[in-house]
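K.L.:
Below: sequence and its predicted model.
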Amino acid sequence: MTGESSSIDSTRPSIARVYDYLLGGKDNYAVDREIGDVFKRDLPGSVAIAFANRAALTRAVREIVTTTGVRQFIDLGSGLPTADNVHQVAQRTAPETRVVYVDTDPQVLVHGRALLEENDRTRVVPVDVRDPEGIHNHPDTRELIDFDRPVAVVFSAILHHVNDEEDPAGIVRHWRDRVPSGSYFFVSHFRSGNNPETAEAEKVLQGTFGRGRWRTDAEIEALLDGLELLEPGIVPAPLWRPETGDPQHLGGERELTVWERLIAAGMARKP
């Protein structure tokens, strides 16, 4: 998130690579695994956060392409490829869907260039999420996204890496003001639980990356000010529109763990 880099630094942990490790990926280094192991060892159960978040994103993308006419996505802070990336989920239903991924991690950019070779309806834009104007005006964004038509804007597990003084609400507002009526916004975000697990996990995040802000449901909802928040509102990610047959589907059969409650999700529509 600190700006575009030209080379991969395997000596410093990367948010994207730690997340990749927690999801079982292989695009990570020892320094990333060391941080990931802090969560696995000292905060058992916390890996469920990553899986709950990814599953909610998959459901949101699938719902947008199956129930609306939106066929273009901007995925902000997209991270490293895993199973079921936004374009893969969307294009199964609507092959014409176009997706702009936004990330500055050098390893994400390497994957992005490879992706372009096999899918001409995706682009990776190497601009910091805190520079929405730079993303909006980037030639690759302009080439792929028609801002006269509705857009789905994805903030999946990224805004909790934006400190308050960096105005995360202003970032969302920028996109709200530049997409037309009928556009959708999906947000997932670490949520404050007022418990020892929340405090310790937030401490690890801030100590590792020097940034991070967990927010209450009300604070997360406030980020979507001016948009129509859709049902069921801001809720723990596994409870956001679970589907029958989905591994995250609870069906009222069990209580969520404290970890599953630490990532919230919500979707809103621009009236």
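P.N.:
Sure thing, it's come through.

K.L.:
Spell out for me which residue occupies the centre of this protein.
P.N.:
Nearest to the geometric centre of the chain sits residue 156, at 1.6 Å (Cα atoms, centre = their mean).

K.L.:
all helices of the chain, in order?
P.N.:
Ranges of helices within the chain are 15-22, 30-42, 47-67, 86-93, 106-118, 132-137, 139-144, 168-178, 196-209, 217-222, based on DSSP state H.

K.L.:
which secondary structure elements does the second one contact?
P.N.:
The helices and strands touching helix 30-42, judged by 3 or more Cβ pairs under 8 Å, 6 or more residues apart in numbering; DSSP states H and E, are helix 15-22, helix 196-209. In short, each C-beta sits where N, CA and C put it, glycine included.

K.L.:
Most tightly packed of those helices?
P.N.:
Of the helices and strands packed on helix 30-42, the one with the most neighbours on average (mean count of other Cβ atoms under 10 Å) is helix 15-22, at a mean of 24.

K.L.:
same for that one, what does it pack against?
P.N.:
Helices and strands in packing contact with helix 15-22 are listed as helix 30-42, helix 47-67, helix 106-118; criterion 3+ Cβ pairs under 8 Å, 6+ apart.

K.L.:
what angle do it and helix 47-67 make?
P.N.:
With axes from the mean of the first three to the mean of the last three Cα atoms, to 10 degrees applied, the angle from helix 15-22 to helix 47-67 works out at 100 degrees.

K.L.:
circling back to that earlier point, compare the helices and strands packed on helix 30-42 and say which comes out lowest on pLDDT.
P.N.:
Averaged per stretch, pLDDT over the helices and strands packed on helix 30-42 is lowest on helix 196-209, reaching a mean of 74.

K.L.:
How far off centre is that helix?
P.N.:
Going by Cα atoms, centre = their mean, to the nearest Å, the spacing between the C-alpha centre of helix 196-209 and its chain's C-alpha centre is 19 Å.

K.L.:
Please report how far the residue lying closest to residue 221 once chain neighbours are set aside lies from residue 196.
P.N.:
Nearest residue to residue 221 in three dimensions, chain neighbours excluded: residue 234, at 5.0 Å (Cβ to Cβ, 6 or more residues apart in numbering). Using Cβ to Cβ, to the nearest Å, one gets 23 Å for the distance from residue 234 to residue 196.

K.L.:
same thing with residue 39?
P.N.:
Using Cβ to Cβ, one obtains 14 Å as the distance from residue 39 to residue 196.

K.L.:
Next: residue 211.
P.N.:
As judged by Cβ to Cβ, residue 211 and residue 196 stand 22 Å apart.

K.L.:
Could you measure from the residue nearest to the centre of the chain over to residue 102?
P.N.:
Distance of residue 156 to residue 102, given as Cβ to Cβ: 11 Å.

K.L.:
same deal with residue 233?
P.N.:
Relative to residue 102, and taking Cβ to Cβ, residue 233 is found at 26 Å.

K.L.:
ok so, going back, can you tell me which of the helices of the chain is most buried?
P.N.:
Burial among the helices of the chain, expressed as mean neighbours by mean count of other Cβ under 10 Å, is greatest for helix 15-22, which shows a mean of 24.

K.L.:
picking that back up, indicate which one of the helices and strands packed on helix 15-22 is closest to residue 183.
P.N.:
In terms of Cβ to Cβ, the element of the helices and strands packed on helix 15-22 nearest to residue 183 is helix 47-67, at 10.1 Å.

K.L.:
packing partners for the closest one?
P.N.:
helix 15-22, helix 86-93, strand 152-156, strand 184-190, strand 263-269.

K.L.:
Backbone dihedrals for residue 128, please?
P.N.:
Dihedral pair for residue 128: phi -60, psi 140, per degrees, to the nearest 10.

K.L.:
rewinding a little: generate TSV for the helices and strands packed on helix 30-42, with distance to residue 68 as supplementary columns.
P.N.:
Conversion of these to TSV gives the following (distance: least, Cβ to Cβ, whole Å):
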stretch	distance to residue 68
helix 15-22	28
helix 196-209	34
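
K.L.:
Those: which one's closest to residue 188?
P.N.:
When the helices and strands packed on helix 30-42 are compared for distance to residue 188 using Cβ to Cβ, the nearest one is helix 15-22, at 12.1 Å.
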